[in-house]
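Engineer: Pasting a predicted model and its sequence here:
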Amino acid sequence: MSKLICPALPNIPWQDRPQDSAAPLWRCRENPIIGRNPLPGVARVFNSAVVPYEGAFIGVFRGEQTNGVPYIYLGHSADGVRWSFDTEKIPFVDKDGNPAQPVYAYDPRLVKVEDTYYAIWCQDFYGASIGMAETRDFKTFTRLENPFIPFNRNAVLFPRKIGGMYVMLSRPSDSGHTPFGDIFLSQSPDLEFWGRHRHVMGHSGNWWENLKVGGGAAPIETDEGWLLFYHGVTGTCNGYVYSVGGAILDREEPSKVLYRCKTFLLTPEEWYEERGFVPNVCFPCAALADSDTGRIAVYYGCADSYVGLAFTTVDEITAYIKDNSETSETDREAGVR
């Protein structure tokens, strides 16, 4: 039996596994839970992040505006399934309270560390790079220093300090539709100065992720290690295909991969995953977990057009990753660097 190391979340969105399903993740019957044109001036919402807040749920959402420029909007939900959105973009400020809006912002993550919530996204800083902001009340979002120089994407902050340090995953890239990418880990004492960079994992020889990999949802702590839902990408004659992968990282040295599933956990199969602005994309960005029941809910972007929701349990998903892992004992000791 695996154990989640996180607070209880009794109102976590949940649906039992369908009787005809044997997959490690099963889809919400209401998918896509966010459709097209969800608010004025926004054509599509996808690749977004959710956290529990004051007995309900709140999130930062990638809103592709009708002028084509992506930005981040705040969303609210009582049940984690049905969402409403603020009509205005999130108003970022600097530490002096002055407006500090990025040129664009997309693929946000949202993580609570101690008593502060951190939003992390991709933006322009002389090329694709990472932006960060902090908030305690979801009314004031204060920009922090950019953690890395260009070019970088898919930054994911761990939900607690490890060895007294903040820890973040990212994927160094170029400034285009990156045809490559490995996941790296970086550490910081203060969210300003980042170092102790470590390679976590690259694309594998498995065909479903033989092009690149990148961080997904914030890692979930379990007694067996950090459960990581990430995205793996393959190239086909008709373009890229994005699927959801799974790995377990060492709790105190998370650059070490203990187990890495050699098969995907979720891949485009439904119409809203296969058909959209960018077809054939399942892109995980957030996960909720309930320590009392072991339930996990994963939010993922669908075809760069919608938001989907899928479910699993910590017992089922860790067992599946371990049973289908190709990581050897030697690799585990070495950390697959």
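Structural biologist: Nice, I can see it.
Engineer: three-state assignment of residue 273?
Structural biologist: Remark: residue 273 carries the secondary structure label helix [criterion: DSSP: H, G, I helix; E, B strand; the rest coil].
Engineer: And stretch 161-176, what's buried?
Structural biologist: Within stretch 161-176, the residues that count as buried by 16 or more other C-beta atoms under 10 Å are 162, 165, 166, 167, 168, 169, 170, 171, 172, 173. In short, each C-beta sits where N, CA and C put it, glycine included.
Engineer: swap that for stretch 62-75, please
Structural biologist: For stretch 62-75, a neighbour-count test (16+ other C-beta under 10 Å) marks 62, 63, 64, 70, 71, 72, 73, 74, 75 as buried.
Engineer: Between these, which sits nearest residue 202?
Structural biologist: For the buried residues of stretch 62-75, the closest approach to residue 202 (C-beta to C-beta) belongs to residue 62, at 25.6 Å.
Engineer: Doesn't the closest one belong to a strand?
Structural biologist: Yes: per three-state DSSP, residue 62 lies within a strand segment.
Engineer: was I right about it contacting residue 45?
Structural biologist: Yes: checked against C-beta atoms under 8 Å, the pair residue 62 and residue 45 is within contact range at 6.5 Å.
Engineer: element containing the most far-flung residue of the chain relative to its centre, please.
Structural biologist: Relative to the mean C-alpha coordinate of the chain, counting by C-alpha atoms, centre = their mean, the farthest residue is residue 96 (29.7 Å). When elements are defined using DSSP states H and E, residue 96 is found to belong to no helix and no strand.
Engineer: And it, what's its pLDDT?
Structural biologist: Residue 96 is assigned a predicted lDDT (pLDDT) of 96.
Engineer: Would you quantify the distance from it to residue 142?
Structural biologist: 10 Å (C-beta to C-beta, to the nearest Å).
Engineer: residues touching the nearest residue to residue 215 once chain neighbours are set aside, list them.
Structural biologist: If you skip the residues right next to it in sequence, residue 215 has residue 156 as its closest partner in space, 3.8 Å away by C-beta to C-beta, 6 or more residues apart in numbering. Contact analysis of residue 156 by C-beta atoms under 8 Å, 6 or more residues apart in numbering lists 109, 111, 120, 168, 169, 170, 215, 216, 217, 218, 219.
Engineer: Give me the subset of the residues you listed that lies in strands.
Structural biologist: With strands taken from DSSP state E, the overlap with those comprises 109, 111, 120, 168, 169, 170.
Engineer: Spatially, which two of these are the most separated?
Structural biologist: Taking C-beta to C-beta, the two most distant members of the ones in strands among the contacts of residue 156 are 111 and 170; they sit 13.5 Å apart.
Engineer: Below-threshold pLDDT in the chain: ranges please.
Structural biologist: Scanning the chain for pLDDT under 70 picks out the ranges 327-337.
Engineer: quick check: longest helix of it.
Structural biologist: helix 314-323 (DSSP state H).
Engineer: now the strands for the stretch 51-200 of the chain?
Structural biologist: Under the criterion DSSP state E, counting those that start in this stretch, the stretch 51-200 of the chain carries strands at the ranges 56-65, 70-77, 84-85, 92-93, 105-113, 116-124, 128-135, 141-143, 152-157, 166-172, 183-188, 195-201.
Engineer: Need those strands in JSON lines (columns: distance to residue 249).
Structural biologist: Compiled in JSON lines, these are given as follows (distance: least, C-beta to C-beta, whole Å):
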{"stretch": "strand 56-65", "distance to residue 249": "24"}
{"stretch": "strand 70-77", "distance to residue 249": "27"}
{"stretch": "strand 84-85", "distance to residue 249": "33"}
{"stretch": "strand 92-93", "distance to residue 249": "31"}
{"stretch": "strand 105-113", "distance to residue 249": "16"}
{"stretch": "strand 116-124", "distance to residue 249": "18"}
{"stretch": "strand 128-135", "distance to residue 249": "20"}
{"stretch": "strand 141-143", "distance to residue 249": "29"}
{"stretch": "strand 152-157", "distance to residue 249": "12"}
{"stretch": "strand 166-172", "distance to residue 249": "9"}
{"stretch": "strand 183-188", "distance to residue 249": "9"}
{"stretch": "strand 195-201", "distance to residue 249": "7"}
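Engineer: these two touch, right, residue 277 and residue 305?
Structural biologist: Yes: when contacts are counted by C-beta under 8 Å, residue 277 is listed as touching residue 305 (4.9 Å).
Engineer: Bridged to residue 56, which residues?
Structural biologist: Applying DSSP bridges to residue 56 gives these bridge partners: residue 53.
Engineer: now do residue 134
Structural biologist: Residue 134 has these beta-bridge partners by DSSP bridges: residue 118, residue 142.
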